[in-house]
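K.L.:
got a structure for you, letters missing:
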Ligand SMILES: Cc1cc2nc3c(=O)[nH]c(=O)nc-3n(C[C@H](O)[C@H](O)[C@H](O)COP(=O)(O)OP(=O)(O)OC[C@H]3O[C@@H](n4cnc5c(N)ncnc54)[C@H](O)[C@@H]3O)c2cc1C
């Protein structure tokens, strides 16, 4: 038996912030690490909205996990979808992309599978209203946002044109607010001079939320400032609004007084809720762990599942003391799990429970405007934007990506130029073809084949 065979096996499910930081801590520990992810890259989700609105390419916010682990001599990466675990046999069960089964023995397991979009029981909305969690989502949104202006440009019917120039976002948390601001900036700045038949700046951006203010978790002061900045940008905010239906041509929304209003919108984007991925339910069933309302696995204060000291749950998929689903929690719990395993295998038995150190939060509103909350310090406007810039450069994974983001931000922030607007019309994603977005009957008359202009156009 060689040294490696006698070493304990650590399996990590998920290569997001929690999984990656756990692997980093274990890099020099006497263990064998297998990191399994259903995707080949580590994704920096906080900048997904910049990918979908043409500022950053997908390569700048996603780094191959193999690249990140190349110097970890004790780590292996596997592209597979984990479907469950066998606690008796201490095996992780997974499916290869081709559909066949894989098994991985473990002595320690770190569950770091994150969360996915939740449509609150209305999964049928997903076909019309993509969420914002993955690179695939960001590329679908990019195509739908920029594609909508093209469809508006060639729409002969004014009602159809106005529908394509209406963007509805559901959820006024950081992602919804950031996307709303970006779409208005795309319309009023980037595309301003590019169209001859429409005025892109006519684009309406409607932001819906069931709460009473955007960015509510930032507190009333910053939330009010964010609302004012969004109004100045031209984002129409509909608070106390519950979405009751979404279809190919828009959405219906119930206001606080019970009235339901229909809004025609060519693009509806969903940034409202999250739920644990299916693997969380499988792990809970195998271990007897409890799940919270969003399906996250409830753990003790050492981040392990009760009666399973060998299974750690970290990051967004973990439910502990109502900690928020943010990068800092993911990194800190990943580091904690890694440290604990390292100590145990080297004969030290740490007893300290996990303690979260809140480093604050930031949200981007528009060029030169952001909000930042760090303890009692609340910043908004340009100063907050500069802080936002440093935080995001600091946390982006990999030096090349940091440099690349700075190079992309320069023309975007100084000259409103968005260089990453490439999209295909036949693309992977929720809808096969840009031309399938609407059934033919709803898409209005086709432009004339003779090359003459459709009869009624704006501008
Ligand atoms: C659009 C957006 C903006 C955000 N903005 C901010 C922000 O500004 N600040 C902030 O602090 N936080 C922000 N967050 C939250 C932050 O990104 C998350 O808290 C963080 O990524 C959580 O890390 P994680 O490792 O727990 O999960 P993730 O980063 O989601 O990683 C989970 C990994 O597990 C993999 N996985 C899932 N299921 C399986 C399976 N069955 N088998 C194998 N692999 C699997 C996934 O492919 C993924 O790679 C944002 C999130 C989003 C979506």
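P.N.:
The structure has been received and is ready for your questions. Predicted, not measured: the structure shown is a model, and the values here were computed from it. Numbers count the residues shown, from 1 in each chain.

K.L.:
does residue 88 count as helix, strand or coil?
P.N.:
Three-state call for residue 88 (DSSP: H, G, I helix; E, B strand; the rest coil): coil.

K.L.:
For residue 342, see how far away residue 348 is.
P.N.:
Computed as Cβ to Cβ, to the nearest Å, the residue 348 to residue 342 distance reads 8 Å. The way it works is simple: take the backbone N, C-alpha and C, and place the C-beta from them, glycine included.

K.L.:
out of these two, which sits in the busier spot?
P.N.:
residue 342 (20 against 10; other Cβ atoms under 10 Å).

K.L.:
List the single closest residue to that one in space, sequence neighbours excluded.
P.N.:
Leaving out its chain neighbours, the residue that sits closest to residue 342 by Cβ to Cβ, 6 or more residues apart in numbering is residue 29, at 4.3 Å.

K.L.:
So, low pLDDT: which residues of the protein?
P.N.:
Along the chain, segments meeting pLDDT under 70 span 1-5, 350, 426-459.

K.L.:
Start and end of stretch 194-214, how far apart?
P.N.:
31 Å (Cα to Cα, to the nearest Å).

K.L.:
err, stretch 209-222, not the other one
P.N.:
17 Å.

K.L.:
Tell me which residues touch the spatially most central residue of the chain, please.
P.N.:
Geometric centre of the chain, nearest residue: residue 133, 3.0 Å, by Cα atoms, centre = their mean. Shown in contact with residue 133 (Cβ atoms under 8 Å, 6 or more residues apart in numbering): 45, 48, 115, 116, 117.

K.L.:
ditto for residue 72
P.N.:
Residue 72 neighbours (Cβ under 8 Å, 6+ apart): 23, 24, 27, 33.

K.L.:
mind listing what the helix or strand hosting the last one pairs with, with the direction of each?
P.N.:
When secondary structure is defined using DSSP states H and E, the element that contains residue 33 is strand 31-37. Partner strands for strand 31-37, per DSSP bridges, with pairing direction: strand 8-13 (parallel), strand 75-79 (parallel).

K.L.:
Residue 192: which of these is closest?
P.N.:
Closest to residue 192 of the strands paired with strand 31-37 is strand 75-79 (Cβ to Cβ; 42.4 Å).

K.L.:
List the contacts of that closest one.
P.N.:
By Cβ under 8 Å, 6+ apart, the surrounding residues in contact with strand 75-79 are 15, 23, 26-27, 32-40, 65-66, 69, 94, 96-97, 102, 104.

K.L.:
Around the ligand, pick out the residues from the chain.
P.N.:
Counting by Cβ under 6 Å from any ligand atom, the positions of the chain adjacent to the ligand are 13-19, 36-39, 45-46, 48, 81-82, 112-114, 132-133, 174-175, 277, 279, 315-316, 325-328, 330.

K.L.:
Which of the residues you listed fall in strands?
P.N.:
Among those, DSSP state E puts 13, 36, 37, 81, 82 in strands.

K.L.:
For the second one, which non-adjacent residue is spatially closest?
P.N.:
The reference is to residue 36. residue 78 (4.7 Å).

K.L.:
Many thanks, we can stop here.
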